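*Asks:* what follows is a predicted protein model with its sequence.
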Amino acid sequence: MWLGRTALAMISVEEALSKILDFVKVLEKEEKPLLDCLGQVLAEDVYSFFDVPPQDNSAMDGYAVQSKSIAGATYEHPRILRVVGEVAAGCVSDLKVGTGTAVRIMTGAFVPHGADVVVPFEDTDEVDRKQASTSRDEIGVRVDLPDGSNIRRRGEDIAKGELVLKPGRLLCPAEIGVLASLGKSTVPVIRRPLVGILATGNEVSEIDQHLPPGKIYNSNSYSLAAQVISYGGVPKLLGVARDEVGQLTTAIRHGFDCDMLVTSGGVSLGDYDVVKQVLAAEGDISFWTVRMKPGKPLAFGILERSDGKKIPHLGLPGNPVSSMITFELFARPAIFKMMGRSDLAKPNITAVMEDSVENGDGRRIFARVAVSKRNGKYYASTTGPQGSGILTSMMKANGLAIIPETTKRVKPGNHVEVMMLAWDSVGICEKDR
Ligand code: AMP
Ligand code: MG
């Protein structure tokens, strides 16, 4: 039901987020090639059906021997052992090591039966023998090493039968590597959401067109789609719809195969804001004024297809910065929830503010800041003018300083909470500005 202009509710960021998350559900699982699963969440237990590594193997290039054969060996008094063969990585060998014998071995080769230690080449007289062209049937060992030295034990990484990864685990490069070590070429994961992105506004033009007078390029669809991709979703660009009921209705319906629809613009109180009317006709819609800056107007609704399928819709403000920040606060957690992630919040840090921020009207300010680390402390400085049309300020920011509703002014030296957007750039933005 469309609540209409008079019933606009003023709600907190938390209320808005919890209403959105209440509706959004974890998506189904799918089996996919391993590498495609990077950034997705595991959907089933993964057990190991074998030991990793599968056999004791050498951690060094050297000689596999029995530790008792080299007891007391020194540089001056090496133990001379008979070399009975050689084993390379990847080879299966039936060579055996007994008292007084050695097998030349390469890193990663399975340790021959009977050996309990690998002596690295550099602790033998191999090089001297080569230079002197003396017999290679023998080797002099110059160190006394304890049992197990330079041997990677069977199952020391993962034991047969072990529960290695549980459902809910986010698959990062290390998890992908571990799954590969278990021979998993495909993996069951929660599928990525398809997120429809629709820009609205008569003044908004597609980026591959010559810019007509009175128009601006559609930056929102691209920043939002890039956010979708960077958080693991799949964007579906639905183009730009004019502020006109027919076109908007058609464009929104093109997004009916999506798991979520994100629109930008048309949710403020402007005269041409037909988005509300269209959304009200297509489903159940609420308009909120969220106590935040930038990004006050926000719409959230449930679009209903003719077959009854319900699609959550987030109507973000049109201002380029507002749309990116409201995406960060409301769409990103929704995408994460759909993907089965449990870490819905971004990490916050405490930083020392380097300049002032005024908070005139009791909203929660998300100020674009560049965070840097100096002498073990985080410092945050605003990225210049904070107008919500200044999109380049988002390029300079690696965090959003959160100025609470009740704080009228933050002064240089005050501590603020900063929601980190990008860790990689801590310390870089500061000097780039
Ligand atoms: P609105 O929320 O529709 O009133 O739009 C607010 C401001 O954002 C206006 O100045 C618009 O021109 C601008 N805007 C809206 N949509 C886009 C877009 N897709 N790309 C860039 N700017 C936009
Ligand atoms: Mg508009």
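*Replies:* Good, I have the coordinates. Ligands and ions are numbered 1, 2, ... in the order given.
*Asks:* next one: whichever strand or helix holds Val83 to chain centre, how far?
*Replies:* Applying DSSP states H and E as the criterion places Val83 in strand 79-87. Strand 79-87 has its C-alpha centroid displaced from the chain centroid by 50 Å (CA atoms, centre = their mean, to the nearest Å).
*Asks:* buried residues in that strand, which are they?
*Replies:* Buried residues in strand 79-87, counted by 16 or more other CB atoms under 10 Å: 79, 81, 83-85, 87. For the C-beta atoms, the positions are set from N, CA and C on the backbone; glycine is no exception.
*Asks:* got it, and stretch 297-306?
*Replies:* Neighbour counts over stretch 297-306 (16+ other CB under 10 Å) mark 297-301, 303 as buried.
*Asks:* still on that earlier bit, alpha carbons of the strand holding Val83, as CSV, please.
*Replies:* This file holds the C-alpha atoms of strand 79-87, laid out as CSV (Å, rounded to 0.1, in the frame of the first residue of the first chain):
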residue,chain,number,x,y,z
ARG,A,79,78.8,-40.5,8.5
ILE,A,80,79.3,-42.2,5.1
LEU,A,81,76.1,-43.9,3.8
ARG,A,82,75.5,-46.0,0.7
VAL,A,83,73.2,-44.3,-1.8
VAL,A,84,70.7,-46.9,-3.0
GLY,A,85,68.7,-44.8,-5.4
GLU,A,86,66.9,-41.5,-6.1
VAL,A,87,63.2,-40.5,-5.8
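*Asks:* picking that back up, in strands, which of the buried residues of stretch 297-306 appear?
*Replies:* Of these, the ones assigned to strands by DSSP state E are 297-301, 303.
*Asks:* rewinding a little: and the two most separated of the buried residues of strand 79-87?
*Replies:* By the measure CB to CB, Arg79 and Val87 form the most distant pair in those, at 20.4 Å.
*Asks:* dump the residue contacts of whatever residue of the chain ends up closest to ligand 1.
*Replies:* Closest to ligand 1 within the chain is Gly318: 2.4 Å, counting by CB to the nearest ligand atom. The neighbours of Gly318, taking CB atoms under 8 Å, 6 or more residues apart in numbering as the test, are 200-201, 220, 264-268.
*Asks:* go again using 6 Å as the cut-off
*Replies:* Applying CB atoms under 6 Å, 6 or more residues apart in numbering to Gly318 gives the contacts 264-265.
*Asks:* does it lie in a helix or a strand, and which?
*Replies:* Counting by DSSP H and E, there is no helix or strand that carries Gly318.
*Asks:* mind listing the helices for the protein?
*Replies:* In the chain, the segments counted as helices under DSSP state H are 13-23, 126-132, 173-181, 220-230, 245-253, 275-282, 320-326, 332-338, 392-396, 428-432.
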